[in-house]
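>>> Next comes the sequence, and after it the predicted model I'd like to discuss.
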Amino acid sequence: MTELQSHPAEDLVDPLAALERAVSERPDDAKALVALANHYWLIGAGPEVVGDLASRAIASDPDNRAGWHLWALAESNPRERVSRWQQVSSRFPQDQLAKANLADNAASLAGAEHDYDAVDLAIATYEELLATAEHPDQRAVLEKAIATLKGWKF
């Protein structure tokens, strides 16, 4: 039996050049734009460039959820980021990840700014997630988050 030998450093190729080339060749290709935006996000290129690429992806394909997710993630202002996650959640009502991000960002905003409206939004969104949660561990975490938020006093 022959063993496969791999040299990790030799196998790794940074896809950045290929992703940038794809966007250059196909500037309206939402999948290429999202792939480049995601790579930029992962390497820490900054929210401006990621947000621009995500906005272009959305303009090219309004049904591209990944573009919407990156667009929301790229917003630096916490209150505006919550607003963006609300838009994504409204546009894609079955998107559990968008709802989780909405709830988490609303809870973070509530804690940072002592905002009871944000607390209420976080609770309501976690309750929506709880209503469809199927796994016991998921339900337990959501129930704990809801109970914790209901106990917050500023």
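Received, thanks.

>>> what's near enough to touch residue 11?
Going by Cβ atoms under 8 Å, 6 or more residues apart in numbering, residue 11 touches no other residue. From N, CA and C alone the C-beta is placed, and that goes for glycine too.

>>> for the chain, what helix or strand is lowest in average pLDDT?
Lowest by mean pLDDT, DSSP states H and E among the helices and strands of the chain is helix 8-11, with a mean of 64.

>>> What average pLDDT does the very next helix or strand once past it get?
Per DSSP states H and E, the first helix or strand lying C-terminal to helix 8-11 is helix 16-25. In this model, helix 16-25 has a mean pLDDT of 97.

>>> residues in contact with helix 16-25?
The list of residues contacting helix 16-25 from outside it, by Cβ under 8 Å, 6+ apart, reads 29, 32-33, 35-36, 39, 43, 53.

>>> Farthest pair within these?
Using Cβ to Cβ, the contacts of helix 16-25 span at most 20.5 Å, a distance reached by 29 and 43.

>>> Pull the number of nearby residues for residue 13.
8 (other Cβ atoms under 10 Å).

>>> ugh, typo on my part, it should be residue 115
Quick note: residue 115 (other Cβ under 10 Å) scores 18 neighbours.

>>> Which element, helix or strand, includes the residue positioned nearest the centre of the chain?
Centroid check for the chain by Cα atoms, centre = their mean gives residue 69 as the closest residue, at 4.3 Å. Using DSSP H and E, residue 69 maps to helix 65-73.
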